[in-house]
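# Here is a sequence with its predicted model. Questions after.
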Amino acid sequence: MHRNIVLLGSTGSIGTQTLDVVRNNPEELTVVGLAANRRVADVEAQVREFKPKYVCMYDEAAAKDLQTRIADLGIKVMSGMEGLLEIVSVPEADTVLTAVVGMIGIQPTIKAIESGKDIALANKETLVCAGHIIMPLAAQKKVQILPVDSEHSAIFQSLNGEPRDKVEKILLTASGGPFRGKKREELANMTAADALKHPNWDMGPKVTIDSSSLVNKGLEVMEARWLFDVSLDNIQVVVHPQSIVHSAVQYVDGAVIAQLGVPDMKLPIQYALFYPDRRPMAEKRLDLFELYSLTFEKPDTDTFRGLKLAFDAAYAGGSMPTVFNAANEMAVKAFLKGDIKYLEIYDMIERAMNHHNRIDNPDVAAILAAEKETYDYLGY
């Protein structure tokens, strides 16, 4: 099956690895559209290699710069949110892989679904903030939401061919990040450089910080709830420092089915793009003889309060997950700039959640308003 892809977030970690998958499967995958924020030189190189028909730079100045640089190619250059909404609905595309970071991904995902495109989803905020909108819309339009996160891909693979009503529990694994095993007093003076040293995965700075705080796992819990139509009570986070078991599903008869592999995002990316087919991939294989042991631990939610706050936001529902997410985005930016200490990330999230008057079943406008309200309240 040939897939024509629009890739949102082409210069980020997931975006560049997606283009590696395309390079390795040139007969089956074609990039018809690329979108990024403002890294013009990187996008120019991608455009000259993959020759998409459309390209969008979210930053308008970057779009003008790119237009000048690639004037010889005759490729349509778009900009802003209007450009994102246009590029995800081009008739040539059948799949949109959304790998942008932040709530910017919500509206293009909705537009792509409305246009009948399958979604390869790597943007957490889409389901965290708007899962109640996205999943019913996808069902109505009969399009697939194919998870790209390694954990959600593992759950998706572990569910393959099994009756959904026989699922007892989702076992969502977490590496524990660079601070696993540390106590609250030890985290107080951790720097951004410390938090960015992830032991297993090569990710962008925002996701890496979120992994260290377990906020990332909290966002993934919210995603899993919508993706797999399970209650929060049936999602268990398991700290697994080796990052070999990417997640698992426990069934009513006690059987646990898991997906194992080396930590490599290209596998879930490729699986989403070719589903239900499996294609050869020339990456390192998991060698069970090299594994001395696989260990599993309960998460320390007293120290790593991001996970507890995420469950609180998820149980509250409505607009509260948006506030959790927006407050964390601001806190991570502040921490990366050196304006706050590590533990203040949790304090900022908690303050914003306590301040917010929850809205039940928010539409996109209310979601974006809750985001703005959070930014205004925290003053960043």
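Yes, it's here.
# which residues sit against the helix or strand harbouring residue 211?
Secondary structure assignment for residue 211, by DSSP states H and E: helix 205-213. Applying CB atoms under 8 Å, 6 or more residues apart in numbering, the contact partners of helix 205-213 are 13, 101, 174-175, 177-179, 192, 195-196, 198, 201, 203, 216-217, 219, 304, 306, 328-329, 332, 335-336, 342, 345-346. In this view, the C-beta of every residue, glycine as well, is placed from N, C-alpha and C.
# try stretch 278-291
24-25, 28, 242, 244, 260-262, 264, 266-267, 270-271.
# Ends of it, what's the gap?
In stretch 278-291, first residue to last residue: 25 Å (CA to CA, to the nearest Å).
# buried sites along it?
Neighbour counts over stretch 278-291 (16 or more other CB atoms under 10 Å) mark residue 281 as buried.
# now stretch 187-199
Applying 16+ other CB under 10 Å to stretch 187-199 flags 187, 190, 192, 195, 196, 198 as buried.
# same thing with stretch 218-238?
In terms of neighbour count (16+ other CB under 10 Å), stretch 218-238 has its buried residues at 218-228, 230, 235, 237-238.
# just to revisit the earlier point, just the buried residues of stretch 187-199: which are in helices?
Among these, the ones falling in helices (DSSP state H) are 187, 192, 195.
# what are the phi and psi values for the residue of the chain positioned farthest from its centre?
Distance from the centre of the chain peaks at residue 72, with 34.7 Å (CA atoms, centre = their mean). With angles defined as degrees, to the nearest 10, residue 72 sits at phi -70, psi -10.
# now residue 163
phi -70, psi 130.
# For stretch 6-22, output the C-alpha coordinates as CSV.
The C-alpha trace of stretch 6-22 is given here as CSV (Å, rounded to 0.1, in the frame of the first residue of the first chain):
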residue,chain,number,x,y,z
VAL,A,6,1.9,15.3,5.1
LEU,A,7,4.4,15.7,7.9
LEU,A,8,3.8,18.4,10.6
GLY,A,9,6.9,19.1,12.7
SER,A,10,9.5,18.0,10.1
THR,A,11,12.6,19.4,11.8
GLY,A,12,12.0,17.9,15.2
SER,A,13,13.1,14.6,16.6
ILE,A,14,10.1,12.6,15.4
GLY,A,15,10.0,14.5,12.1
THR,A,16,13.6,13.8,11.1
GLN,A,17,13.2,10.1,12.1
THR,A,18,10.0,9.9,10.0
LEU,A,19,12.0,11.2,7.0
ASP,A,20,14.6,8.4,7.7
VAL,A,21,11.8,5.9,7.4
VAL,A,22,10.7,7.6,4.1
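# all helices for the stretch 1-150 of the chain, in order.
Along the stretch 1-150 of the chain, counting by DSSP state H, counting those that start in this stretch, helices occupy 13-24, 40-50, 60-69, 80-87, 106-114, 124-141, 150-159.
# most packed of those?
Among the helices of the stretch 1-150 of the chain, ranked by average contacts under mean count of other CB atoms under 10 Å, first place goes to helix 150-159 (a mean of 24).
# re the thing from before, from the buried residues of stretch 187-199, which single one is nearest residue 277?
Nearest to residue 277 among the buried residues of stretch 187-199: residue 198, at 30.8 Å, using CB to CB.
# pLDDT wise, what is that closest one at?
On the pLDDT scale, residue 198 is placed at 64.
# next one: residue 8
98.
# Bridge partners for it, pull those for me.
Under DSSP bridges, the beta-bridge partners of residue 8 are residue 35, residue 98.
# List the contacts of it.
Per CB under 8 Å, 6+ apart, neighbours of residue 8: 15, 35, 84, 87-88, 96-100, 105, 108, 123.
# could I get these as a markdown table with distance to residue 356 and pLDDT?
What follows is these, written out as a markdown table (distance: CB to CB, whole Å; pLDDT from 0 to 100):
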| residue | distance to residue 356 | pLDDT |
| --- | --- | --- |
| 15 | 32 | 97 |
| 35 | 31 | 98 |
| 84 | 27 | 98 |
| 87 | 33 | 98 |
| 88 | 30 | 98 |
| 96 | 31 | 98 |
| 97 | 32 | 98 |
| 98 | 26 | 97 |
| 99 | 28 | 95 |
| 100 | 24 | 93 |
| 105 | 22 | 94 |
| 108 | 25 | 98 |
| 123 | 22 | 92 |
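# Let me know the closest of these to residue 293.
Each of the contacts of residue 8 was checked against residue 293 using CB to CB; the closest is residue 99, at 33.3 Å.
# List phi and psi for the closest one.
phi -120, psi 20.
# looking at it, it is touching residue 122, isn't it?
Yes: counting by CB atoms under 8 Å, residue 99 touches residue 122, with 4.2 Å between them.
# Settle it for me: which of these two has more neighbours?
With neighbours defined as other CB atoms under 10 Å, residue 99 and residue 122 compare such that residue 122 has more, 30 against 26.
# sorry, back to before: shared neighbours of residue 99 and residue 122, which are they?
Common neighbours of residue 99 and residue 122, using CB under 8 Å, 6+ apart, are 9, 14, 148.
# Check which helix or strand the nearest residue to residue 183 once chain neighbours are set aside maps to.
Distance criterion CB to CB, 6 or more residues apart in numbering; nearest residue to residue 183, sequence neighbours excluded, is residue 303 at 5.7 Å. Counting by DSSP H and E, no helix or strand carries residue 303.
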